[in-house]
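Asker: Sequence and predicted structure, then a few things I'm wondering about:
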Amino acid sequence: MRWSSCCMFVCLNPFNFKMVAAAFFIFFICSGVSSGVGIYGITMPVSQNCDKGVLTRKHRDACIFKVNDSGKALFYGPVEMAVANKEIRYAWGWDKSYVPYTGMYKLRTHACPASVAENCTLSKSNIFFDSTKSVKLTSDKKIVSQDPDFGSGSGIVGQLPTSSSLCTTLVSPDGTEWSVGARETCQDGAKLPENPAFCYLNMGTDLNVGMGTMERRDISTAPGRTTKKVVPVKVMCTGDANLTAKFSFKYTPIVVTGSEVVSTDKLGLGVAVYFNDKLMSTTDAITQEFTPGVAIVNLGFEVVRDPNVDIGNISTGDFIADAVLILTKQ
């Protein structure tokens with residue numbers, strides 16, 4: 001009989017195979033904070049024909065969002081896109097946010113073809129326009145307090161080919177696109193932290209791991225005897241100093257040939273989990289130091305069966321395993 005198996009791994013949400021970041025926030029008290037209240041140099045349509053849009057308004061030389069909580073708008077096109085003059089400032093929730101780590105950032109405007117006023121998202125975007133300048137932002141101050149200017153007044157940078165909805169993101173040096181709660185930003189982007197230090201596992205998004213199809217007789221009766229499925233997971237740590245983190249797993253175990261493995265919903269079937277090639281029991285912990293920015297850890301998954309359970313008593317069909325990967329800042 002063949003198995004069609006599914007081992008679920010989920011980050012931050014209470015659903016099947018879970019990964020939870022148990023972060024301790026570090027708060028900084030800074031003196032001499034700038035009075036900046038926005039960001040400059042966003043790319044928007046020029047003001048020509050702005051009145052033909054929906055929930056848009058002309059402001060100096062640019063066509064911008066009309067103030068509304070929904071963030072929905074329809075910008076008339078085709079039209080030229082330009083980096084707005086410095087008289088145009090945006091807050092849009094950036095006033096509450098920090099960058100994840102110090103580095104050079106750029107501002108990006110996404111366009112989604114539309115015929116009605118709606119929200120643009122990364123998944124619907126078919127074209128984007130980057131700011132003409134990158135700006136160094138530090139992780140110890142709120143973004144707007146640094147008064148960033150991404151190239152205001154740089155002029156025409158491209159063409160919006162058709163009427164579209166728009167949204168913006170902040171792009172970090174590793175290419176991750178970040179948003180805030182304001183719906184003028186792309187809501188399927190990673191969310192910027194509202195505290196100056198944090199660690200993200202898999203960017204806070206769910207990760208599902210499918211284990212494929214297998215014959216019961218080919219399932220190992222001990223961990224380490226068959227090829228693991230290895231999944232690289234991104235760990236992003238914010239702040240500007242090295243950070244030491246401890247990783248551990250929490251799960252309901254069964255013992256297979258002397259080793260703890262994650263129990264499944266099938267009698268006698270388990271999944272061995274590995275952290276960077278180390279088989280992890282419920283009592284194991286690994287301490288690792290991270291520099292600010294992005295690092296990769298490898299998680300391994302191996303289906304095993306209890307040799308004390310007759311192979312014929314292991315039912316066929318899909319199975320699910322549940323565990324929690326805990327990251328604790330030291």
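Answerer: Done, it's in.
Asker: quick one: contacts for the residue nearest the centre of the chain?
Answerer: Nearest residue to the geometric centre of the chain (Cα atoms, centre = their mean): residue 203, 3.2 Å. Residues near residue 203 by Cβ atoms under 8 Å, 6 or more residues apart in numbering: 176, 190, 234, 236. Every residue, glycine included, has its C-beta placed from N, CA and C.
Asker: so what pLDDT did it get?
Answerer: Here, the pLDDT recorded for residue 203 equals 70.
Asker: Over to residue 206?
Answerer: 65.
Asker: Residue 78 contacts residue 160, doesn't it?
Answerer: Yes: between residue 78 and residue 160 a contact is recorded at 6.2 Å, counting by Cβ atoms under 8 Å.
Asker: ok, the two, which is more surrounded?
Answerer: residue 160 (24 against 12; other Cβ atoms under 10 Å).
Asker: Give me the neighbour count for residue 229.
Answerer: Neighbours of residue 229 (other Cβ under 10 Å): 17.
Asker: Return the set of residues that bridge with it.
Answerer: residue 301 (DSSP bridges).
Asker: shaky segments in this protein?
Answerer: 1-37, 87-92, 197-198, 204-206, 238-241 (pLDDT under 70).
Asker: Now for the nearest residue to residue 124 once chain neighbours are set aside, how many residues are close by?
Answerer: In this structure, residue 124 finds its nearest non-sequential neighbour in residue 112, 4.1 Å apart by Cβ to Cβ, 6 or more residues apart in numbering. Applying other Cβ under 10 Å, we find 19 residues neighbouring residue 112.
Asker: repeat for residue 43
Answerer: Neighbours of residue 43 (other Cβ under 10 Å): 27.
Asker: can you check residue 129 too?
Answerer: The burial count for residue 129: 23, using other Cβ under 10 Å.
Asker: again, but for residue 183
Answerer: Other residues close to residue 183 by other Cβ under 10 Å number 20.
Asker: That one against residue 70, yeah?
Answerer: Yes: counting by Cβ under 8 Å, residue 183 touches residue 70, with 6.1 Å between them.
Asker: what touches both of those two?
Answerer: Shared contacts of residue 183 and residue 70, counting by Cβ under 8 Å, 6+ apart, come down to residue 119.
Asker: bridging residues for residue 285?
Answerer: Counting by DSSP bridges, the residues bridging with residue 285 are residue 248.
Asker: show me the contacts for it.
Answerer: Contacts of residue 285 by Cβ under 8 Å, 6+ apart are 246-248.
Asker: out of those residues, who has the most neighbours?
Answerer: residue 247 (22 neighbours).
Asker: Excluding covalently adjacent residues, which one is nearest to it?
Answerer: Nearest to residue 247 is residue 286, by Cβ to Cβ, 6+ apart, at 4.8 Å.
Asker: And for the one you found, the neighbour number?
Answerer: Counted with other Cβ under 10 Å, residue 286 comes out at 14.
Asker: So what pairs up with residue 43 in the strands?
Answerer: Bridge pairing for residue 43 - DSSP bridges - gives residue 83.
Asker: pretty sure residue 244 belongs to a strand, no?
Answerer: Yes: according to DSSP: H, G, I helix; E, B strand; the rest coil, residue 244 belongs to a strand.
Asker: any idea how far the nearest residue to it once chain neighbours are set aside is from residue 248?
Answerer: Spatially, and ignoring its direct neighbours in sequence, residue 244 is nearest to residue 330 (4.2 Å; Cβ to Cβ, 6+ apart). Distance of residue 330 to residue 248, given as Cβ to Cβ, to the nearest Å: 12 Å.
Asker: and if you look at residue 232?
Answerer: 19 Å.
Asker: cool, and residue 304?
Answerer: When residue 304 is compared with residue 248 (using Cβ to Cβ), they lie 20 Å apart.
Asker: Pull the contacting residues for residue 167.
Answerer: Contacts of residue 167 (Cβ under 8 Å, 6+ apart): 71, 109-110, 112, 119-122, 125, 179, 183-187.
Asker: if you set the cut-off to 6 Å instead, what comes out?
Answerer: 110, 120, 185-186 (Cβ atoms under 6 Å, 6 or more residues apart in numbering).
Asker: out of those residues, who's nearest residue 66?
Answerer: residue 120 (15.2 Å; Cβ to Cβ).
Asker: how about the closest one, phi and psi?
Answerer: Note on residue 120: its backbone torsions stand at phi -90, psi 150 [degrees, to the nearest 10].
Asker: Equivalent analysis for residue 178, please.
Answerer: phi -110, psi 150.
Asker: got it, and residue 100?
Answerer: Dihedral angles (degrees, to the nearest 10) for residue 100: phi -70, psi -30.
Asker: how far away is it from residue 172?
Answerer: Taking Cβ to Cβ, one finds residue 100 at 6 Å from residue 172.
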